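Novice: any chance you can model this:
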Amino acid sequence: MRRVLFALLSLPLALAAQAKMVHRPVEWTDGGTRFHSVLVYDDAGPARRPGLVMVPNWYGVSDEAVRKAESIAGKRYVILVTDMYGERVRPKNDAEAKAAVQPLYADRALMRHRANQALAQLKAQAGKAPLDTGRLAAIGFCFGGSAVLDLARSGADVAAVVSFHGALAAGKPALPDHFKARVLVMNGADDRGTMPDADAFMDEMRASSADWQLVVLGNAVHCFTEVGENTPGCKYDARAAARSYRLMHEWLDAAFAGRP
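Specialist: Sure thing, here's the model as predicted:
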């Protein structure tokens, strides 16, 4: 009897020990370019969970981006770490990263198209991963924040988008917006690269029908969620990062539940 009881008590621990984070390649071709993204989720159980398109910073799909996706996903989300450049473009330094993002900032229609392609690829993972396609959203960091804002501007059918220290400008020429998603933007108060566009962004959002929030995090500069960054204008801030992640989870929970 004791052996049976011990076995039953040990079963949850054994199952937990077997659970692991899955990294699965998701590839597609669009416009002659091959894209290589990574699907990240915990395989602890079959329960379906919300899916997130995650657009990383301007370094794109990298080991660091996948680690960040793991920490966000936990057992809560299925995350597609999204390739916005094509599989042959993997920046190794800031100069290469700047060159990679320039064509997308110059052609915002292309940025929106690629973000929507990623969303379609995430949806296509239903049945292959524990994904609930009725609960979809997008999150992005730095350049990725710009990309998910453009996804929202395109009228993509997602419950929410969350931008961390992303550029706020809509681009020129401005394209009509068709917001369906709830929009949460979080930027550092001392981010000299993005905050000069804050007033124009708020005017854009006021003119839309979107449910939106712009959260300004005091004493934070650019890159506040990017572990390891430590320059005057691009610096990790553990306090700002923790606050912003907490707000993200609250925002997504409310959006998926249809709560105000």
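
Novice: please enumerate the strands of the stretch 1-150 of the chain.
Specialist: Taking DSSP state E, counting those that start in this stretch as the test, the strands found in the stretch 1-150 of the chain are 21-30, 33-42, 49-55, 78-81, 131-141.

Novice: columns distance to residue 239 on top of those strands, output as JSON lines?
Specialist: The C-beta positions use only the backbone N, C-alpha and C, and glycine is treated the same way. Formatted as JSON lines, the strands of the stretch 1-150 of the chain follow (distance: least, C-beta to C-beta, whole Å):
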{"stretch": "strand 21-30", "distance to residue 239": "26"}
{"stretch": "strand 33-42", "distance to residue 239": "25"}
{"stretch": "strand 49-55", "distance to residue 239": "22"}
{"stretch": "strand 78-81", "distance to residue 239": "24"}
{"stretch": "strand 131-141", "distance to residue 239": "17"}
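
Novice: redo those as JSON lines? Include distance to residue 95, mean pLDDT and mean neighbour count.
Specialist: Putting the strands of the stretch 1-150 of the chain into JSON lines (distance: least, C-beta to C-beta, whole Å; pLDDT from 0 to 100; neighbours: other C-beta atoms under 10 Å) gives the following:
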{"stretch": "strand 21-30", "distance to residue 95": "26", "mean pLDDT": "98", "mean neighbour count": "14"}
{"stretch": "strand 33-42", "distance to residue 95": "21", "mean pLDDT": "98", "mean neighbour count": "20"}
{"stretch": "strand 49-55", "distance to residue 95": "20", "mean pLDDT": "98", "mean neighbour count": "28"}
{"stretch": "strand 78-81", "distance to residue 95": "23", "mean pLDDT": "98", "mean neighbour count": "26"}
{"stretch": "strand 131-141", "distance to residue 95": "19", "mean pLDDT": "98", "mean neighbour count": "22"}
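
Novice: I'd like to know which of those strands lies nearest to residue 219.
Specialist: strand 131-141 (19.0 Å; C-beta to C-beta).

Novice: by contact count, what packs against that closest one?
Specialist: strand 49-55, helix 108-123, helix 143-153, strand 160-164, helix 238-257 (3 or more C-beta pairs under 8 Å, 6 or more residues apart in numbering; DSSP states H and E).

Novice: tell me the strands beside it, with direction?
Specialist: strand 49-55 (parallel), strand 160-164 (parallel) (DSSP bridges).

Novice: relative to residue 108, which of the ones you listed is closest?
Specialist: The nearest among the strands paired with strand 131-141, by C-beta to C-beta, is strand 49-55 at 14.0 Å.

Novice: send the alpha carbons of the closest one over as CSV?
Specialist: The C-alpha trace of strand 49-55 is given here as CSV (Å, rounded to 0.1, in the frame of the first residue of the first chain):
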residue,chain,number,x,y,z
ARG,A,49,-3.1,28.2,-24.6
PRO,A,50,-2.9,31.6,-26.3
GLY,A,51,-0.5,32.2,-29.2
LEU,A,52,1.9,35.1,-29.5
VAL,A,53,3.7,36.4,-32.6
MET,A,54,6.9,37.7,-31.0
VAL,A,55,9.1,40.0,-33.1
